[in-house]
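*Asks:* Any chance you can model this:
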Amino acid sequence: MPTAEESFAEYVHARLPALSRAAFLLAGEAHLAEDLVQQTLIQVAARWERIAAGGDPDPYVRRVLYHEHISWWRRHRRDAMPVEVLPERAGDPADTALTVTVQQALAQLAPRQRAVVVLRFFEDLTETQTAAVLECSVSTVKSQTRDALSRLRSLLPETAEALQ
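*Replies:* I've put the predicted structure just below:
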């Protein structure tokens, strides 16, 4: 049986890409996302034995990640969070342009709305799972989703049909 340290290292190795992606979508900048993931993992590591003993650690780790983001946002409020443009990758330039456009639109959402959109549509969680991560009611998730999608439709009129 692996030690708690080995178990944590295995978890981080397996889940780091997904955590980093979610953090980037929340923070809008690569270096802020790295800080967010690092702070999350520091908090999780301190309690890893208890977290791992409870079964699937993903919901707990996600909750810490999203709470860290909200806490960071409250400490560092800014009118608009700048969005870092990702380096060009091989592939369709239209896809790259759409990715950047979506990232810029996500950056204009309120932190709670952004968290709901990331959890529901990028992490593919149900409304109930999203409510558990954010420690709110399902109706709050529904209203935040509705408001976020409405805002995204106004920011991205060319994709409004896909956001129905």
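*Asks:* least trustworthy helix or strand in this protein by mean pLDDT?
*Replies:* Here the helix or strand of the chain ranked lowest by mean pLDDT, DSSP states H and E is helix 93-107, holding a mean of 72.
*Asks:* And the next helix or strand past that helix?
*Replies:* helix 111-117 (DSSP states H and E).
*Asks:* ok, residues contacting that following helix?
*Replies:* 25-26, 66, 69-70, 73, 106-107, 109, 130, 134, 141, 144-145, 147-149, 151-152 (C-beta atoms under 8 Å, 6 or more residues apart in numbering). Where C-beta positions appear, they are placed from N, C-alpha and C, glycine not excepted.
*Asks:* For it, C-alpha coordinates in PDB please.
*Replies:* Provided in PDB are the C-alpha atoms of helix 111-117 (Å, rounded to 0.1, in the frame of the first residue of the first chain):
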ATOM      1  CA  PRO A 111     -16.100  34.900 -10.400                       C
ATOM      2  CA  ARG A 112     -19.100  32.800  -9.200                       C
ATOM      3  CA  GLN A 113     -20.600  32.800 -12.700                       C
ATOM      4  CA  ARG A 114     -17.200  31.800 -14.200                       C
ATOM      5  CA  ALA A 115     -16.900  29.000 -11.600                       C
ATOM      6  CA  VAL A 116     -20.300  27.700 -12.500                       C
ATOM      7  CA  VAL A 117     -19.600  27.700 -16.200                       C
END
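*Asks:* after it comes which helix or strand?
*Replies:* helix 127-134.
*Asks:* Contact partners for the most centrally placed residue in the chain?
*Replies:* With the centre of the chain defined as its mean C-alpha position, the nearest residue by C-alpha atoms, centre = their mean is Ala22, 3.4 Å away. By C-beta under 8 Å, 6+ apart, the contact list for Ala22 reads Arg62, Leu65, Val118, Phe122, Glu123.
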